[in-house]
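[1] please work out how this folds:
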Amino acid sequence: MMRTPTLFRLAARGVLREARRSLLTASAMALGLALLMFTRSLADGGHEDWINVGVRMGSGHVLFQAPGYRESRSLDDRLSGKQVGAVLATLGALEGPLAPLATTIRLSTNGLASSASSALPVVIAGVNPETEASFSHAAERIIRGRYLERDDRLAAYVGTGLVERLGLSLGSRFVLTAQSTDGEIQGQLVRVVGVFRTGLPEVDEGVVHIPISTARSWLGAAEAATTVGAILPASGVVSEVVEVVRSDVGADDIRVLSWREAYPELDTALRIDDYGDYVFLGILFVIVALAVLNTVLMAVLHRKREFGVLQALGLTPAETGLVVFAEGLLLTALAGVVGMIAGATLTWVFFRNGLDFSAFMTEKMTFGGIVIDPVIVPEFRMVQVLQSFFSIAVVGIIASIYPAYHATRIDVGEALKFE
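    Below is the predicted model of the structure:
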């Protein structure tokens, strides 16, 4: 223990004496860490944007439904007015980072939209115009007309695909047909007040928004809803919110779903993208490890005589190995600090407003059931920064083990011979 400061001074002297070699190795590691931080922040920003688009296209980060609704999609499996009130009260009690940014209530069913020229199967979503306007992705994609308003009764908000297929325009009337809660097929005449375009054909052709008051009256579902959804500040708090609300609302009567459970296609797409990132990062780690291994091992091979003299003066083989290992640690620590600063600076200074990939996209790209925004804004998360630093540190430590072991095997007699 008394020799430890001396051993680290010897290690520092070794690093400084071979300044050029040490600088090149530290630069390679720092560049690797900076690239890792930039890649992870870009991936995190892209994933958060994809999740945000996906949950706003759907029904939120957290969904509340009747136990059998997800499988049946039938109005028979709906939440009562009392259950809807309990869910809203539970969401309203959440505070701080768990508090929802927006909530909405929907009464949705499968039906048929028909005009004089054609008919198409659609999802009819009865929505609260006041909350849905700030909740839904479709509500933000108006290209003509307006979104639903509070006093609307026979209004419909439809996609461009449905307008084209049914030969509709603003002000056109068409008929929605669906099965009511009593099992009868009922029709409802509505008028187009707004047209949206999301870029997803299945949404633009197959979704119709009408006021939830109209849907409840038409389908005989007073005060009921099929889904209550909540948009949260970030996807990272979803699991915590789900755990809290499940205990409050009662899982037997109300089913609580996270976005991963509600949108498995999006979840799978994000996992696949993550696996691709892991392969890239694995290759990066191997390159950095080989750079550290090469530098430290070459230092050992070119300094056999020095290590032989140190052992002749009293250093044990284990202490000699510790000197070499400490050199690797010093290089890793130096590269870690420089790399973190460089990565943060690169990302913040040059790409804080986003990286625009629109030049590489000839048309809108879809991924996991969403339309990808060509501008990706990096997102820094402290946990990712610490993980990146820890990963580089582990790589540096592992790459220093073999050179340190090799230094313990130096033969003093052979090392002190004159060539």
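[2] how is this protein divided into domains?
    Domain ranges of the chain: 4-53+267-415, 59-262, per automatic domain parsing.
[3] how about the ones you listed in JSON lines, adding mean pLDDT and mean neighbour count?
    The C-beta positions use only the backbone N, C-alpha and C, and glycine is treated the same way. Listed next are those as JSON lines, based on pLDDT from 0 to 100; neighbours: other CB atoms under 10 Å:
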{"stretch": "domain 4-53+267-415", "mean pLDDT": "76", "mean neighbour count": "17"}
{"stretch": "domain 59-262", "mean pLDDT": "91", "mean neighbour count": "18"}
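[4] excluding covalently adjacent residues, which one is nearest to residue 117?
    In space, residue 117 comes closest to residue 167 once its chain neighbours are excluded; the distance is 4.2 Å by CB to CB, 6 or more residues apart in numbering.
[5] pretty sure that neighbour contacts residue 115?
    Yes. Counting by CB atoms under 8 Å, residue 167 touches residue 115, with 6.0 Å between them.
[6] the residue nearest in space to the middle of the chain: which element?
    Most central in the chain under CA atoms, centre = their mean is residue 47, positioned 3.2 Å from the mean C-alpha point. Per DSSP states H and E: residue 47 is located in helix 19-57.
[7] what's the answer for residue 144, then?
    strand 142-145.
[8] ok, now residue 347?
    Element membership of residue 347, judged by DSSP H and E, is helix 317-351.
[9] residue 229 now?
    Going by DSSP H and E, residue 229 is in strand 227-231.
[10] then residue 64?
    strand 62-65.
[11] same thing with residue 165?
    helix 160-166.
[12] the next helix or strand after that helix: how far from the chain's middle?
    Next in sequence after helix 160-166, counting helices and strands by DSSP H and E, comes strand 173-179. For strand 173-179, the separation from the chain centroid amounts to 38 Å (computed by CA atoms, centre = their mean, to the nearest Å).
[13] can you list the strands that strand 173-179 pairs with?
    In the sheet, strand 173-179 lines up against strand 102-114 (antiparallel), strand 185-196 (antiparallel) (DSSP bridges).
[14] is it possible to get JSON lines of those strands that adds distance to residue 218?
    Shown next, in JSON lines, are the strands paired with strand 173-179 (distance: least, CB to CB, whole Å):
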{"stretch": "strand 102-114", "distance to residue 218": "10"}
{"stretch": "strand 185-196", "distance to residue 218": "5"}
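[15] ok, which stretches of the stretch 151-300 of the chain are helices?
    Residue ranges of the helices in the stretch 151-300 of the chain, as given by DSSP state H, counting those that start in this stretch, are 160-166, 201-206, 212-219, 238-249, 259-262, 264-302.
[16] now for those, which one comes closest to residue 10?
    Nearest to residue 10 among the helices of the stretch 151-300 of the chain is helix 264-302; the distance by CB to CB comes to 12.2 Å.
[17] the closest one vs helix 19-57, what angle?
    Between helix 264-302 and helix 19-57, the angle comes out at 170 degrees (axes from the mean of the first three to the mean of the last three CA atoms, to 10 degrees).
[18] which other residues reach the helix or strand following helix 264-302?
    Sequence order places helix 304-312 as the next helix or strand after helix 264-302, per DSSP H and E. Contact partners of helix 304-312, identified using CB atoms under 8 Å, 6 or more residues apart in numbering, comprise 10, 300, 317, 320, 323, 407, 410-416.
[19] what's the answer for stretch 165-173, then?
    113-120, 144-145, 158, 162-163, 174, 189-195, 205.
[20] what about 7 Å?
    113, 115, 117-118, 120, 144-145, 163, 174, 189-192, 195, 205 (CB atoms under 7 Å, 6 or more residues apart in numbering).
[21] swap in stretch 29-47?
    270, 277, 281, 284, 287-288, 291-292, 331-332, 335-336, 338-340, 342-344, 346-347, 355, 376-381, 384-385, 388-389, 392, 396.
[22] cutoff 6 Å now
    Stretch 29-47 is contacted by residues 270, 277, 284, 288, 335, 338-339, 342-343, 346-347, 376-381, 384, 388, 392 when judged by CB atoms under 6 Å, 6 or more residues apart in numbering.
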